[in-house]
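In: Got a sequence here, can you build the structure:
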Amino acid sequence: MTSATTVPLRSARLGRSILNSQMLISVVLLAFAAVVFGVSPESLQDPVFFGSLLLVFVLTGVAIMVPWSPATKRWAIALPILDIIAIVGMREAEPLLGAGLFLVFPIIWMARNFGITGAFAGVAIATVALVVVRIFRGGELSPLDFPGLVLLPLTFIFIATTTYATSRRSNSQRRLLQQQSALVNSALARARKQEHVLDAVLNAVEFGVVAFDTKGTPTLENAAYRRALAEAGLASTTVINPTIYQTDRLTAYSESDMPYVRAIAGEQYENVVYWVGTPGDMRAAYSATSRHTRGAGDQIDGGVVVIRNVTAELEAVRSRDELVASVTHELRTPLTSILGYVELAADAPELEDRTRAMLEVAVRNSERMLSLVTDLLNTASDGSSAVSITLEPCDVGRIIQQAIEAAEVSAEQRGITIISDIDRPASTRADPLRIRQVIDNLLTNAVKYNRDRGTIAVTTLIDTDSITVSVTDTGEGVPPADLELLFDRYFRTDAVRNSTEVGSGLGLAISRDIAVRHGGSLTASSQLGIGSTFSLVLPISPGA
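Out: Residues are numbered from 1 along each chain as shown. This is a model prediction of the structure:
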């Protein structure tokens, strides 16, 4: 509350206090005068009595007409002082009527409005007035004067003191309440400002937000959420779409499995995809995420569901997969033909041994390329399909050595040295073609993303129940935020996307799938500026 508004409020409160105090005295004396008129009407004919009563009413008029303010407050003390004089005058004009008891009202007024000074001043003025009037009356003091000169002032002192203490306590409580009110108003203003900011932010974002209480009643819906409902042709009073479809776009969600219903039931989830719109019509896909909201004492008091339109993303993924499937399908036919003719050429008896060895290398690599194309086709056509595995006894060390020999040509072109520490034999039951595919992928990446004249270390560690193959390069490394995403399909780091190196982002995803299907694992660790290590762990199968 500013000082500009505080001054008028204080002036209004002061004016009401003065007027109420004076009005109380005038009303009490008016009632007293009415009683006197009924009991002893001749008393009103006494000029002192009537003049004193008239003075009180004149003072009441002054209290009404004067615009009181803190600056003129000190002049207001004249009103209760004159009231005391008027009441003393009425008492002396008619002593038997007991008008002196009314002196407590101006004394209470002075004690309440002018503090300890006003309290004692009121008592002193009333006492002095009673004594002075008694002196001017003359005559000897009698026991009848004791109540008026002793008991009445003592009563005034008690009342003034009590009034002052009560007033002080009331003022302290009022100030405390004013401070608390100011704090509450400030907090309310901040809360309203935050509410307006939150409302503006939520209505500016593109994702929909709906919050609800513990009973499932919506407490907040942003513009994007209402717009999503409107695009589905639903009324503005609707909270959720009554019919949504699963990721196959055909199977409708049951009521209990709907994302909003699951959130009301207290379940938290992330990126639950559903489709809106009946099959054959315009359809939209949304991803829903649910989180709890908490109130006082960290108790759950509801939740919030955030929806995001992912139609364009899913359509882009489908278009990409269709393109990859089409391209890989077209590649498979010429590769099959090339492989057939190379195998025929390798079987020719007139070939020299050196030429036959080179053709055999071409055959092996053609077979591997055909296998990769087939995997790519399967992956693009069905993201959930897994590569086929045929287990047989094999020497992993020999497979690693062959992969290193194949990678040395591209490594030498960049001055990269491949260092190997391979324990032989490293025998287990595995698919030799698939293990070679994984090792080739790791070595190819180690060469592509290494520094010129760097090194690649290939090591094996044989335990009682597993074989660990590690490929370490001296490249730039992978940021920690990207490390967990390396094995996701089609993922490529920003550095790789901005480089001249080509790739599909499928190699590591397929390699990890191969490792998992062997009962093993493929993990990565990296340090920026130092390099990365990829570790393939394969179990040692009995009878290998």
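In: Next, count neighbours for the closest residue in space to Phe50 that isn't next to it in sequence.
Out: Using C-beta to C-beta, 6 or more residues apart in numbering and skipping residues adjacent in sequence, the residue nearest Phe50 is Leu44, 5.7 Å away. Yep, even glycine has a C-beta here, placed from its N, CA and C like the rest. Per other C-beta atoms under 10 Å, the neighbour tally for Leu44 reads 13.
In: List the residues that contact Leu44.
Out: 33, 36-37, 50, 53 (C-beta atoms under 8 Å, 6 or more residues apart in numbering).
In: mind checking pLDDT for it?
Out: The score at Leu44 is 77. That number is its pLDDT.
In: Asp473 too?
Out: We have a pLDDT of 94 for Asp473.
In: for it, phi and psi?
Out: Note on Asp473: backbone dihedrals following degrees, to the nearest 10 are phi -110, psi 170.
In: Okay, and the beta partners of it?
Out: Ile456 (DSSP bridges).
In: can I assume it is in contact with Tyr449?
Out: Yes - between Asp473 and Tyr449 there is a contact at 6.8 Å, judged by C-beta atoms under 8 Å.
In: Spell out which residues are contacts of both of these two.
Out: What both Asp473 and Tyr449 touch, as defined by C-beta under 8 Å, 6+ apart, is the set Ser532.
In: These two: which has the busier surroundings?
Out: Using other C-beta under 10 Å, the more surrounded residue of Asp473 and Tyr449 is Asp473, with 26 against 21.
In: quick one, what contacts that one?
Out: Neighbours of Asp473 in contact, by C-beta under 8 Å, 6+ apart: 445-446, 449-450, 454-456, 531-533.
In: Filter those down to the ones in strands?
Out: 455-456, 531-533 (DSSP state E).
In: in the stretch 401-544 of the chain, which spans are strands?
Out: 417-421, 427-430, 455-462, 466-473, 521-527, 531-539 (DSSP state E, counting those that start in this stretch).
In: Apologies, that question was intended for the stretch 151-300 of the chain.
Out: So, for the stretch 151-300 of the chain - with DSSP E, counting those that start in this stretch - the strands run 208-213, 218-221, 244-245, 269-276, 284-294, 300-309.
In: Please name the nearest non-neighbouring residue to Thr238.
Out: Leu229 (5.6 Å).
In: check contacts around the one you found.
Out: Leu229 sits next to 236, 238, 241 when contact means C-beta under 8 Å, 6+ apart.
In: got the domain boundaries for this protein?
Out: Domain segmentation of the chain under automatic domain parsing yields 3-181, 205-309, 315-381, 392-539.
In: Make JSON lines from the ones you listed and add distance to Asp199 to it.
Out: JSON lines is the format used below for the domains of the chain (distance: least, C-beta to C-beta, whole Å):
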{"stretch": "domain 3-181", "distance to Asp199": "26"}
{"stretch": "domain 205-309", "distance to Asp199": "8"}
{"stretch": "domain 315-381", "distance to Asp199": "32"}
{"stretch": "domain 392-539", "distance to Asp199": "32"}
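In: which of those has the lowest average pLDDT?
Out: Looking at the domains of the chain, the bottom one is domain 315-381 with a mean of 75.
In: buried sites along the strand or helix carrying Met110?
Out: Assigned by DSSP states H and E, Met110 belongs to helix 104-137. For helix 104-137, burial by neighbour count (16 or more other C-beta atoms under 10 Å) applies to 104-114, 118-123, 125-127, 129-130, 133.
In: Quick check: which helices or strands does it pack against?
Out: Judged by 3 or more C-beta pairs under 8 Å, 6 or more residues apart in numbering; DSSP states H and E, the packing partners of helix 104-137 are helix 3-39, helix 78-93, helix 152-204.
In: now the angle between helix 104-137 and the shortest one, please.
Out: Note on geometry: by axes from the mean of the first three to the mean of the last three C-alpha atoms, to 10 degrees, helix 78-93 and helix 104-137 are set 50 degrees apart in direction.
In: between helix 78-93 and helix 152-204, what angle do the directions make?
Out: 150 degrees.
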